Structures are given as structure tokens and as C-alpha cells.
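With the sequence up front, the predicted model follows.
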Amino acid sequence: MIGARVLAACALAVCLAGAPAPHAAPAGAAGLRSGAFDPPRPAPEFALPSTGGAEFRLSRQLGKVIVLTFGYTSCPDICPTVLAELAKVRQRLGGTAKRVQVVYVSVDPERDTAARLRAYTEQFDKTFLGLTGPADQLAPVWKAYGVSVVRRELPGTKPAMYLIHHSASVFLIDPAGRLRVMAPFGTPVDDVVHDIRTLLEE
Amino acid sequence: MRRLLVLALAGLVVAPAAGAQDAAIRLERPWVRRAPAMPDARPGAESTAAGYVTLLNRGPDRDALIAASADVAARVELHETRNMSGMMMMERVDKVELAPGSRVELRPGSYHLMLIGLKRALTPGQTVTLTLEFERGGRMTTRAEVR
């Protein structure tokens, strides 16, 4: 039963994301190595409260590469792995990292307060911005990026503790505000660095 | 086969943990992911961290990792993350099977120890004591570096 729900959610995610075709050939769209959106499309606009204090509005970020990913602070395995890799990406970019903003959108509005999210993202890189808010603000952003979010209770926990199955891809939005890359979990750090450099140099 | 032989030889050179000389199970490269002091913690929203270690079964018998504990956590569960078309699903598992001669890596995106209810922040460079319980091999303790 749960399996079926999850499958449905996945199918939906692929649908909404428009199933970007991962380019096998390095000479793919604009020479990008990770899964490229071809042709590029305008990145869905959103505005959410940020751990930096001010509201984060995507359309005000033109000129930077936005590295957008989704997760939650009670996630011990995948989320910290993604954030640790993105911290490495910024280190490898050196001075260029000034033109790159990592944005981490919560998939757990119930537990992820701004304070928790800040503590969580800052341990990897102090420049990372966490975005959280009420579910009715977050859910449309998940949907716009095809991120499926499925809550799963941990049996035998009192009070109930839950995990969240979610898409862990990393999206790259170019300095012109176009959605260009969806890098699946496990994409090598070097490939993400390469693609960010490519987008900055276009 | 050759890989196994190399691993076995490496095992002879590297001093095994005290008391583990005869153990069929060998633990390699244990580490725990960093975790901050989490504000707004409440029951059901405790802080968590993942622990990783490579398990080698050098014995002639099957064995399995069946439980774990950590000095820094209220409890530890065995979990597996699976990638279903890009959606990462984490599920609790009862055991991690270890066939004779097998090597099973607990690593990000796969099997891991889920430390729940951390008693303190885990910052890189610290060490955590992990105790692993095996069906046949009993309990083994190892020191894991926080990364």
C-alpha cells in the first residue's frame, strides 16, 4: 500500500519535473555533465522566509548561480551528505563561489523551525541559506520543482517520530534565472563544480 | 577472491582492536556524521546523526548485524536508504546480513546506523563510541571519528 503511494508520488514527480533527460554525452546541452534541462526553462518563481532573516525571492537572485536542494533537519543520512558535498563544491570553486548561492528548502514544516534549519545548514557552510515556513507556503515550491514528499512514521516511537521520503536532487539555476540542471543524488562533486563554472562563464 | 586475500593480509598487518584477535567480524573505517546542537528539540523532533562502518565477515559462518548503540545517543536503529527514481527512501531494517567472506559497507545512501536523540552536538574531530551487536559474533565496540 505504501509502496503504491510512493510509486504514484514518484510518477508525479517525474511528470512535474518534466523529466529532464540526463545527458550521457559530455557534449550535451551547453556542455553540462549532470542532467540538463534541454531546452532551458524559466525556473519557477518562489518567495519564502529565509534563515538569513529576509525573505528569499528567486527572481531577485539574477547574476548568481542558485544551487537549490530540498531536505529536512531530522534527516541523518542523505541530507547531510548532500550538504557536505555542496560545501565541497563551494570550496573547489574558490573565489567564484561568491557568485553561487546554495539554497536549502525544508520538506518538514512541522519540525523545521528557522532556528533548527540555521543550526543545521551552518555546520556545513555559513553561507548556505535555509528556507522554511508553513506547509501551505512550502508545498507549492516542492510541486513546482517536482519534489515528492512522503511522510513515513517510525513504528514503535512515542511520541511518534517520522521520516520523510523526498527527492534529493540538486537543481542549478543559471544567472539568467533559467532552470538548467537536475543533478541526481550521488552526482560527483567535480561534475557539479564543472556545471556551475559552465553556467557562470556562458 | 584476490581482493579478499589482500583484505585478509591487510587484516594481519593492522593491529586489530583489543580482544578482537579471534573475531570473525572485523570493523573498518567507522565514522559518524557531524550534527549541531539542535534548538527547539522536543520529543519526536530529537536530533539525529548517521553512523557508518565497513563490516567484514572473515569467518566460515553467516552472521548479521542486529543492533547497535552509541554513547552519545538515546538509541540507535539500523536503517537503509534506497533510491527510487530519485526519491530517497529511508527504512528501518531488522538486520544487515553478512555472508561468509562478505564485506558490507555502511555508507551514505545505503545501510547506516541512525543515532536518535543525541546527548550533545557532534563536531568534526570528536570521537563517538559505537557498540555493534552481531547474531553470532556478539558485541563489538569501536571508536568512530566525527566528520
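Arrived safely.

What part of chain A, helix or strand, is modelled with the least confidence?
Ranked by mean pLDDT, DSSP states H and E, the weakest helix or strand in chain A is helix A:2-17, scoring a mean of 39.

next SSE after that one?
Later in the chain than helix A:2-17, the nearest helix or strand by DSSP states H and E is strand A:35-42.

Which neighbouring elements make contact with that next one?
The contact analysis (3 or more CB pairs under 8 Å, 6 or more residues apart in numbering or on different chains; DSSP states H and E) places strand A:35-42 against strand A:178-183. All C-beta spots, glycine's among them, are computed from the backbone N, C-alpha and C.

between whatever helix or strand comes next after the strand it packs on and strand A:35-42, how many degrees?
Per DSSP H and E, the first helix or strand lying C-terminal to strand A:178-183 is helix A:189-201. If you take axes from the mean of the first three to the mean of the last three CA atoms, to 10 degrees, helix A:189-201 sits at 30 degrees to strand A:35-42.

count of neighbours near B:Arg92?
Around B:Arg92 there are 14 other residues, counting by other CB atoms under 10 Å in any protein chain shown.

for A:Asp191, what are its contacts?
Contact analysis of A:Asp191 by CB atoms under 8 Å, 6 or more residues apart in numbering or on different chains lists A:33-34, A:183.

make it 10 Å
Applying CB atoms under 10 Å, 6 or more residues apart in numbering or on different chains to A:Asp191 gives the contacts A:26, A:32-34, A:89, A:181, A:183.

Just flag the most distant two among those residues.
Pairwise distances across the contacts of A:Asp191 (CB to CB) peak at 18.4 Å, for the pair A:Pro26 and A:Val89.

And these two? Which one has more around it.
More crowded of A:Pro26 and A:Val89, by other CB under 10 Å: A:Val89, with 22 against 10.

Please settle this for me: is the more buried one part of a strand?
No: according to DSSP: H, G, I helix; E, B strand; the rest coil, A:Val89 belongs to no strand; its state is helix.

and it, how far is that from A:Gly186?
For A:Val89, the distance to A:Gly186 equals 14 Å [CB to CB, to the nearest Å].

Please apply the same query to A:Gln137.
Relative to A:Gly186, A:Gln137 is positioned 30 Å away (CB to CB).

rewinding a little: so which of the contacts of A:Asp191 wins on neighbours?
A:Val181 (31 neighbours).

residues contacting A:Ser169?
Counting by CB under 10 Å, 6+ apart, A:Ser169 touches A:13, A:17, A:20, A:34-35, A:68-70, A:82, A:145-147, A:181-185, A:187, B:86-88.

Quick one: buried ones out of the residues you listed?
Burial by neighbour count, judged by 16 or more other CB atoms under 10 Å in any protein chain shown, picks out A:13, A:17, A:20, A:34-35, A:68-70, A:82, A:145-147, A:181-183, A:185, A:187, B:86-88 from the contacts of A:Ser169.

any residues in contact with both of A:Val89 and A:Gly186?
Joint contacts of A:Val89 and A:Gly186 (CB under 10 Å, 6+ apart) do not exist.

So what's the residue count around residue 83?
Looking at chain A here, since you left the chain open. Residues near A:Leu83, counting by other CB under 10 Å, number 23.

Switch to chain B, please.
For B:Asn83, the neighbour count with other CB under 10 Å is 15.

Please, which helix or strand holds it?
For B:Asn83, the element it lies in under DSSP H and E is strand B:73-84.

Can you list the helices and strands that the helix or strand following that strand packs against?
With elements assigned by DSSP H and E, the helix or strand that comes after strand B:73-84 is strand B:87-92. Where contact means 3 or more CB pairs under 10 Å, 6 or more residues apart in numbering or on different chains; DSSP states H and E, strand B:87-92 is packed against helix A:2-17, helix A:78-93, strand A:149-154, strand A:161-167, strand B:73-84, strand B:111-118.

can you tell if the following helix or strand past strand B:87-92 touches chain A?
Sequence-wise, the next helix or strand downstream of strand B:87-92 (DSSP H and E) is strand B:96-98. No: shown here: strand B:96-98 not in contact with chain A (CB under 10 Å from any CB of the partner chain), separated by at least 14.3 Å.

what does stretch B:28-42 give?
Yes: in terms of CB under 10 Å from any CB, part of stretch B:28-42 sits within range of chain A, namely B:32-42.

just checking, which of those residues belong to strands?
Under the assignment DSSP state E, the residues of stretch B:28-42 next to chain A contribute B:Val32 to strands.

Reformat the residues of stretch B:28-42 next to chain A as CSV; add distance to A:His165, neighbour count and pLDDT.
Below are those laid out as CSV (distance: CB to CB, whole Å; neighbours: other CB atoms under 10 Å in any protein chain shown; pLDDT from 0 to 100):
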residue, distance to A:His165, neighbour count, pLDDT
B:Val32, 23, 28, 98
B:Arg33, 19, 24, 97
B:Arg34, 23, 18, 96
B:Ala35, 21, 25, 95
B:Pro36, 23, 20, 92
B:Ala37, 27, 13, 88
B:Met38, 21, 20, 87
B:Pro39, 25, 15, 87
B:Asp40, 23, 14, 82
B:Ala41, 23, 15, 80
B:Arg42, 23, 8, 81
